[in-house]
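Novice: Can you look at this prediction? I've put the sequence above it.
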Amino acid sequence: YRNYAPSYGHEWLLRITIQPSRNILIYLQGREELKERNTVAGNLNLFTSYPGKKHSFWILCEYGLRQNLRMRTRAQFSSFQLNAVTTRGSALLHDIQFDLGKIKVTARYAVFDTDDYDNRQYAYENDVLLAYSLPAYHGIGIRRMAMVEYKLNRQISFWLRYANTRYPYEEKIGTGPDTVAGNTKNDVKFQVRISF
């Protein structure tokens, strides 16, 4: 991927998990990836392979204040070096989850700042049943997400999810057919499950 010649690389990941009490979980994670990538050689239209090295670090703290209230705070940092140029990225995320029996509320507030797409920050988000959400945070922005799950009874459940991403220094978002005029992108999902 992104290399027109045979290449080499490596990857390692180290995670340390600490649980000082039943209600607190902390983990630290470090990762390094080295992959060769095409770069343009001088003024020629020729590609040369150079090793690109990415370092990623996470620190996460998850804690329960009460039986039905959990919070999670995570900080992510990365750097990418290619051809003696280093770029950086970071994201700070805070999640809160209420479980009130029939109603479950999940929310996230995230701020991110990345120099380029090579330092995009990925963070899994809760989604409606059987859906998957792993947005890439890139550029400078804020993302908010809230989801409500309501179990009417054993057969009927409802989900409503709203996500909003704002890029304060952009006039448009995306490219080609995915272009959005303005600096805000909204996403709404509604789902009903009826079990027989």
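Specialist: Yep, that arrived. Residues are numbered from 1 along each chain as shown.

Novice: do you know how far residue 21 is from residue 63?
Specialist: 9 Å (C-beta to C-beta, to the nearest Å). The way it works is simple: take the backbone N, C-alpha and C, and place the C-beta from them, glycine included.

Novice: Show me which of those two is the more surrounded one.
Specialist: More neighbours surround residue 63 than the other of residue 21 and residue 63, with 14 against 8 (other C-beta atoms under 10 Å).

Novice: I figured that one was touching residue 22, is that so?
Specialist: No: between residue 63 and residue 22 there is no contact under C-beta atoms under 8 Å: 10.4 Å.

Novice: Once you drop chain neighbours, what's closest to residue 71?
Specialist: Counting by C-beta to C-beta, 6 or more residues apart in numbering, residue 96 is the residue found nearest to residue 71 once chain neighbours are left out, at 5.2 Å.

Novice: Mind listing the strands the helix or strand hosting the one you found pairs with, and their directions?
Specialist: Residue 96 is part of strand 85-99 when elements are defined by DSSP states H and E. Strand pairing for strand 85-99, using DSSP bridges, gives strand 69-82 (antiparallel), strand 103-114 (antiparallel).

Novice: Now find how far off-centre it is within its chain.
Specialist: How far strand 85-99 lies from its chain's middle: 7 Å, per C-alpha atoms, centre = their mean, to the nearest Å.

Novice: Residue 111: what's it in contact with?
Specialist: 91, 92, 141, 142 (C-beta atoms under 8 Å, 6 or more residues apart in numbering).

Novice: I'd like to know the predicted local confidence at it, please.
Specialist: Looking at residue 111, its pLDDT reads 98.
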